[in-house]
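Asks: I'd like to go over a predicted model; first the sequence, then the structure.
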Amino acid sequence: MQVDIAVDAQADGESDDRSLTSLYRWLGRDPEVVRHAQVSLVPRQAQPGDMGDAFEVINAVVANAIALGGLVVACATWRGSRSAAPPVRIERDGVTITVEDGSPESVHRIVAALARGDQDGDEADGDGRDGDGQDGDEEAGDEGAGRDRQRS
């Protein structure tokens, strides 16, 4: 499962690029993320007059919803370490979720929203139910697909 992570650093007075690089380094030092995810910085297309590298997003590839949960917790922990916590957005297949805190409920909700519709059959909470507590049937899957299309 592939997700893109972006930071809106306007809140803490840093450039988006510096905050994104800081988060990338944080993720690279988190043992759970290192063990269960591949993260890389995606460069922004250079514009005339640009000096140095500029990055658009962090791309992360995780094997399952549990690894995604570890990634979300690491992003929330990074936010908590900042004096003015900038919004961190995680996007997958047109669904964008903003990480606000690292509470278990928030992590579960974020993972459920991002893992919904996973082609590999990974479930958000590991109990055979989708993120809304319903048994994962075709009707629920169609509903989720419609919601994704509306957000795009």
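Replies: Happy to help now that I have it.

Asks: hey, let's count contacts and neighbours off CA atoms from now on
Replies: Noted.

Asks: Please report how far Val3 lies from Ser103.
Replies: Using Cα to Cα, to the nearest Å, Val3 is found at 20 Å from Ser103.

Asks: Looking at those two now, which is surrounded by more residues?
Replies: Val3 (20 against 11; other Cα atoms under 10 Å).

Asks: Enumerate the beta-bridge partners assigned to that one.
Replies: Residues in a beta bridge with Val3, per DSSP bridges, are Ala60.

Asks: any idea of the pLDDT on it?
Replies: Val3 carries a pLDDT value of 96.

Asks: Ok, Ala9 next?
Replies: Reported pLDDT for Ala9: 71.

Asks: who's in contact with it?
Replies: Neighbour list for Ala9: Ser15, Asp16, Ser19, Pro86, Pro87 [criterion: Cα atoms under 8 Å, 6 or more residues apart in numbering].

Asks: and the fourth one, that's in a helix?
Replies: Which is Pro86. No - counting by DSSP: H, G, I helix; E, B strand; the rest coil, Pro86 falls outside a helix, being coil.

Asks: count of neighbours near it?
Replies: 22.

Asks: quick one: the helices in this protein?
Replies: Taking DSSP state H, the helices of the chain run over residues 16-29, 31-36, 65-80, 104-115, 138-151.

Asks: Minimum distance to Val95: which of the ones you listed has it?
Replies: Between Val95 and these, the tightest spacing by Cα to Cα is seen for helix 138-151, at 6.0 Å.

Asks: re the thing from before, from the contacts of Ala9, which single one is nearest Gly69?
Replies: Pro87 (17.5 Å).

Asks: correct me, but the closest one touches Ser19?
Replies: No - the pair Pro87 / Ser19 is not scored as a contact, 10.4 Å apart, by Cα atoms under 8 Å.

Asks: where do the contact lists of the two overlap?
Replies: Val7, Ala9.

Asks: ok, of the contacts of Ala9, which come out buried?
Replies: Neighbour-count burial (16 or more other Cα atoms under 10 Å) applied to the contacts of Ala9 gives Asp16, Ser19, Pro86, Pro87.

Asks: Please consider this matter closed, and thank you.
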